[in-house]
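Engineer: I would like the atomic coordinates for the input below:
(one chain, ligands or ions: 2)
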Amino acid sequence: MSKKELPVIDLRLAKGSTRGSLVRQLREALTTVGFTYLTGVDGYDENELLRLTRWFFSLPLEDRMKISRKCFNPECKNEYRGYFPVIPGEVSHKEGFEIGPKMDTEPMNPESLKTKMDTEPMNPESLKTKDTESTNLESFMIQFFYEENQWPDDPSGHTATAKYFKTWMENYHQKMTEAALELLRLIAEGFDAPSDFFTSLFVPRHLSTLRLIHYPARTDAPEWARDGEYVIQTAEHQDSVMLTLLATFQQYPGLQVRWMDDTLLDVPHRRGHLVVNIGVLLSTMSGGNLKATRHRVVECGGDRFSVPFFLEPKFDGNINQVLPSGTPQLTEDPDQRVFYGPWLWEKTTKYAEYKGLIERLKSVGLN
Ligand SMILES: O=C(O)CCC(=O)C(=O)O
Ligand SMILES: [Fe+2]
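Structural biologist: Numbers count the residues shown, from 1 in each chain. Ligands and ions are numbered 1, 2, ... in the order given. As a prediction, the model looks like this:
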């Protein structure tokens with residue numbers, strides 16, 4: 001890799017005799033840089049995505065707060081999916097709206113999933129014993145992660161736009177899921193694993209998250225949110241998930257990726273291209289071969305919008321697996337199942353915003 005810019009992958013090459021070459025290109029990109037541009041995603045419409053994202057954040061704050069997480073507005077019903085406001089005093093300076101997969105049937109019934117999980121041992125590290133308490137906690141976690149999306153109903157006279165927004169975003173979530181699962185098949189093939197090596201982790205009910213982000217301009221950024229000439233909007237980090245498909249937009253640069261020589265590379269927008277990167281979970285499941293590269297967002301002279309899609313397994317997907325030629329890294333025991341849901345719960349509830357929820361659970365004898 002001579003040039004210092006992200007490689008470009010064209011998903012259209014997955015069809016026909018060019019697939020083998022695409023598999024090799026993808027493996028090279030993701031085992032070195034860990035980031036790539038991705039084009040050729042069927043139906044990807046960045047103009048409409050940006051228009052609707054802007055529309056959402058132009059709604060009165062009062063309307064957005066009606067569909068926020070409970071920790072930001074006790075009157076809301078949702079704990080996990082929905083709007084989150086800017087938190088003053090944090091380096092990460094953004095508001096967002098998080099959307100899970102569309103629930104095709106009824107919302108998840110914890111009993112049906114639990115019956116299935118009871119036949120498979122849970123990871124003792126995540127959920128100590130199978131006594132009543134932990135079983136109740138398990139039910140709570142399932143309901144928490146599988147809660148239904150909430151949507152703006154826009155009482156200010158744009159009801160048709162609000163309906164269109166919901167349908168469009170549900171479809172976009174589905175399209176991103178399909179593209180991400182095709183990438184996982186191509187990745188598996190690149191490691192001489194069966195094409196569907198990862199598929200069972202996602203079917204039938206994965207927990208992937210589509211996040212619309214608005215970074216408001218910060219005119220008076222404090223010293224601790226600066227790095228030399230830059231104002232930081234999202235501190236340097238690795239994504240924790242399997243794969244991220246990030247939509248960026250022409251007017252809003254600001255993404256910087258930690259290159260292999262340890263310098264930070266500006267990643268400009270490319271028309272019709274998403275940016276794909278590996279998360280820690282998939283890196284772990286590849287025995288460290290796929291790189292979960294660090295990246296950050298810096299202010300680009302005003303407001304900024306972006307839309308990452310995070311591919312995540314289902315609640316009872318066993319994440320203690322590794323592609324051929326690697327050893328499982330999550331536990332000492334390769335036969336030990338580690339389910340995604342409880343693993344994610346441990347991580348999610350460490351955030352300050354969930355302190356209140358943990359207190360509530362403790363007060364009723366859970367957690
Ligand atoms: O806003 C961006 O361009 C990147 C956001 C990001 O890295 C993240 O949400 O994990
Ligand atoms: Fe990220």
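
Engineer: any idea how far the nearest residue to residue 190 once chain neighbours are set aside lies from residue 76?
Structural biologist: Of all residues not flanking residue 190 in the chain, residue 27 sits nearest, at 3.6 Å (Cβ to Cβ, 6 or more residues apart in numbering). The C-beta positions use only the backbone N, C-alpha and C, and glycine is treated the same way. Note on residue 27: its distance to residue 76, by Cβ to Cβ, to the nearest Å, is 44 Å.

Engineer: swap in residue 241?
Structural biologist: 25 Å.

Engineer: same check, this time on residue 24
Structural biologist: 48 Å.

Engineer: of those two, who's got more company?
Structural biologist: Neighbours per residue, other Cβ atoms under 10 Å: of residue 24 and residue 76, the larger number sits with residue 76, 17 against 13.

Engineer: Show the contacting residues for the more buried one.
Structural biologist: By Cβ atoms under 8 Å, 6 or more residues apart in numbering, residue 76 lies in contact with 65, 66, 67, 68, 69, 70, 82, 150.

Engineer: before we move on, the earlier item: go through the helix or strand containing the residue nearest to residue 190 and flag the buried ones.
Structural biologist: Secondary structure assignment for residue 27, by DSSP states H and E: helix 19-32. Residues 22, 23, 25, 26, 27, 29, 30, 31 are the ones in helix 19-32 that count as buried (16 or more other Cβ atoms under 10 Å).

Engineer: Backbone torsions only: list them for the nearest residue in space to the fourth one that is not next to it in sequence.
Structural biologist: Across the structure, with Cβ to Cβ, 6+ apart as the measure, the residue nearest residue 26 apart from its sequence neighbours is residue 186 (5.2 Å). Per-residue torsions, residue 186: phi -60, psi -40 (degrees, to the nearest 10).

Engineer: Give me the pLDDT for the closest residue to ligand 1 within the stretch 51-200 of the chain.
Structural biologist: Using Cβ to the nearest ligand atom, the single residue of the stretch 51-200 of the chain nearest to ligand 1 is residue 94, 7.8 Å away. pLDDT recorded at residue 94 is 95.

Engineer: What's the separation between the closest residue to it other than its chain neighbours and residue 296?
Structural biologist: Spatial nearest neighbour of residue 94, chain neighbours left out: residue 215 (4.7 Å); criterion: Cβ to Cβ, 6+ apart. Using Cβ to Cβ, residue 215 is found at 12 Å from residue 296.

Engineer: so what sits against both of those two?
Structural biologist: Listed contacts common to residue 215 and residue 296 are residue 234; contacts here mean Cβ under 8 Å, 6+ apart.

Engineer: In terms of neighbours, single out the busier of these two.
Structural biologist: Neighbour comparison, residue 215 and residue 296: the larger count goes to residue 215, with 24 against 20 (by other Cβ under 10 Å).

Engineer: is that one in a bridge, and if so with what?
Structural biologist: Following DSSP bridges, residue 215 is listed with bridge partners residue 304.

Engineer: who in the stretch 201-350 of the chain is up against ligand 1?
Structural biologist: 213, 234, 239, 246, 248, 255, 295, 297, 306, 308 (Cβ under 6 Å from any ligand atom).

Engineer: Do I have it right that the last one meets residue 243?
Structural biologist: Pointing back at residue 308 there. No - contact between residue 308 and residue 243 fails when scored by Cβ atoms under 8 Å: they sit 10.4 Å apart.

Engineer: out of the two, which sits in the more crowded spot?
Structural biologist: More crowded of residue 308 and residue 243, by other Cβ under 10 Å: residue 243, with 26 against 21.

Engineer: List the contacts of the closest residue to the more buried one other than its chain neighbours.
Structural biologist: Of all residues beyond its chain neighbours, the one nearest residue 243 is residue 311 (4.4 Å), with distances taken as Cβ to Cβ, 6+ apart. Neighbour list for residue 311: 176-177, 180-181, 184, 202, 206, 208, 241-245, 279 [criterion: Cβ under 8 Å, 6+ apart].

Engineer: got JSON lines for the residues you listed, with pLDDT and distance to residue 347 too?
Structural biologist: Output for the contacts of residue 311, formatted as JSON lines (pLDDT from 0 to 100; distance: Cβ to Cβ, whole Å):
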{"residue": "176", "pLDDT": "98", "distance to residue 347": "22"}
{"residue": "177", "pLDDT": "97", "distance to residue 347": "21"}
{"residue": "180", "pLDDT": "98", "distance to residue 347": "20"}
{"residue": "181", "pLDDT": "98", "distance to residue 347": "23"}
{"residue": "184", "pLDDT": "98", "distance to residue 347": "21"}
{"residue": "202", "pLDDT": "96", "distance to residue 347": "19"}
{"residue": "206", "pLDDT": "97", "distance to residue 347": "17"}
{"residue": "208", "pLDDT": "98", "distance to residue 347": "16"}
{"residue": "241", "pLDDT": "97", "distance to residue 347": "11"}
{"residue": "242", "pLDDT": "98", "distance to residue 347": "14"}
{"residue": "243", "pLDDT": "98", "distance to residue 347": "17"}
{"residue": "244", "pLDDT": "98", "distance to residue 347": "16"}
{"residue": "245", "pLDDT": "98", "distance to residue 347": "21"}
{"residue": "279", "pLDDT": "98", "distance to residue 347": "12"}
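
Engineer: Would you mind writing the CA trace of the helix holding residue 27 as PDB?
Structural biologist: What follows is helix 19-32, C-alpha atoms only, in PDB (Å, rounded to 0.1, in the frame of the first residue of the first chain):
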ATOM      1  CA  ARG A  19     -15.700 -12.000  -6.600                       C
ATOM      2  CA  GLY A  20     -12.400 -13.700  -5.900                       C
ATOM      3  CA  SER A  21     -10.500 -10.500  -6.700                       C
ATOM      4  CA  LEU A  22     -12.800  -8.500  -4.500                       C
ATOM      5  CA  VAL A  23     -12.300 -10.900  -1.600                       C
ATOM      6  CA  ARG A  24      -8.500 -10.400  -1.800                       C
ATOM      7  CA  GLN A  25      -8.800  -6.600  -2.100                       C
ATOM      8  CA  LEU A  26     -11.100  -6.500   1.000                       C
ATOM      9  CA  ARG A  27      -8.800  -8.700   3.000                       C
ATOM     10  CA  GLU A  28      -5.800  -6.600   2.200                       C
ATOM     11  CA  ALA A  29      -7.600  -3.300   3.100                       C
ATOM     12  CA  LEU A  30      -9.100  -4.600   6.300                       C
ATOM     13  CA  THR A  31      -6.000  -6.400   7.600                       C
ATOM     14  CA  THR A  32      -3.800  -3.300   7.100                       C
END
